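Trainee: I would like the atomic coordinates for the input below:
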Amino acid sequence: MDQGDIRPGEVRVEAPEAADAVLRFIGTIRTPWTVRADCRRSGDAEHGPVCRIEVFEPWVAALAGIERHDRLELLYWMHQARRDLVLQSPRSGGTIGTFTLRSPVRPNPIATAIVRLVEVEGASVLVRGLDCLDGTPLLDIKPDHPRG
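Mentor: Got it, this is the predicted structure:
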């Protein structure tokens, strides 16, 4: 990781070796954004672009009944995010701790988004409201609110 992208006031650490959890990616998220600079800062569940959630086998069967929900919560792994900053200097000014921000830079780059369900097409779920890069690994899908 390029260390030249640290802003004034930011502090990085060497993380201990990770060996205490195993995650299984259950799918891939397809969005229009391929570089972080182009990615939205927060998703627009009403008017944002339709994004495709591609669920891997054997998890496709777990989508049964998902269309009963207007909104879903997606958990995903921000695979291109750096993980070594404990203090960050957001563009809005000041320097604050990583855990007080929604920045993708975190020790475990897990993100969550509440999205609007558009349609289910077999192993794919179409949604609005994402703000992640194309190819982002999917960790989980949870219902937010049931339809009617």
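Trainee: quick one, strands of the protein?
Mentor: Ranges of strands in the chain, per DSSP state E, are 11-12, 27-30, 50-55, 69-77, 85-88, 96-97, 110-121, 124-128, 136-146.
Trainee: would you format the ones you listed as a markdown table with distance to Arg36 included?
Mentor: Every C-beta, even on glycine, is put in place using the N, C-alpha and C of the backbone. Compiled in a markdown table, the strands of the chain are given as follows (distance: least, C-beta to C-beta, whole Å):
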| stretch | distance to Arg36 |
| --- | --- |
| strand 11-12 | 18 |
| strand 27-30 | 14 |
| strand 50-55 | 16 |
| strand 69-77 | 14 |
| strand 85-88 | 15 |
| strand 96-97 | 20 |
| strand 110-121 | 13 |
| strand 124-128 | 20 |
| strand 136-146 | 11 |
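Trainee: so what's the closest residue to Trp33 other than its chain neighbours up against?
Mentor: Leaving aside its chain neighbours, Trp33 sits nearest to Cys39 (4.2 Å; criterion: C-beta to C-beta, 6 or more residues apart in numbering). Going by C-beta atoms under 8 Å, 6 or more residues apart in numbering, Cys39 touches 31, 33, 131-133.
Trainee: ok, now Arg30?
Mentor: If you count contacts by C-beta under 8 Å, 6+ apart, then Arg30 has 51-54, 134-135 around it.
Trainee: tell me which two of the contacts of Cys39 sit farthest apart.
Mentor: Pairwise distances among the contacts of Cys39 were taken by C-beta to C-beta; the largest, 9.2 Å, belongs to Asp131 and Leu133.
Trainee: how about low-confidence regions in the chain?
Mentor: For the chain, the stretches flagged by pLDDT under 70 are 1-4, 40-45, 145-148.
Trainee: give me the neighbour count for Ile66.
Mentor: Counted with other C-beta atoms under 10 Å, residues neighbouring Ile66 total 14.
Trainee: quick check: it vs Ala81, distance?
Mentor: Computed with C-beta to C-beta, to the nearest Å, the distance linking Ile66 and Ala81 is 27 Å.
Trainee: likewise Leu63?
Mentor: Per C-beta to C-beta, Leu63 is found 27 Å from Ala81.
Trainee: same check on Arg24?
Mentor: Counting by C-beta to C-beta, the gap from Arg24 to Ala81 is 19 Å.
Trainee: neighbour-wise, which of those two wins?
Mentor: Ala81 (19 against 9).
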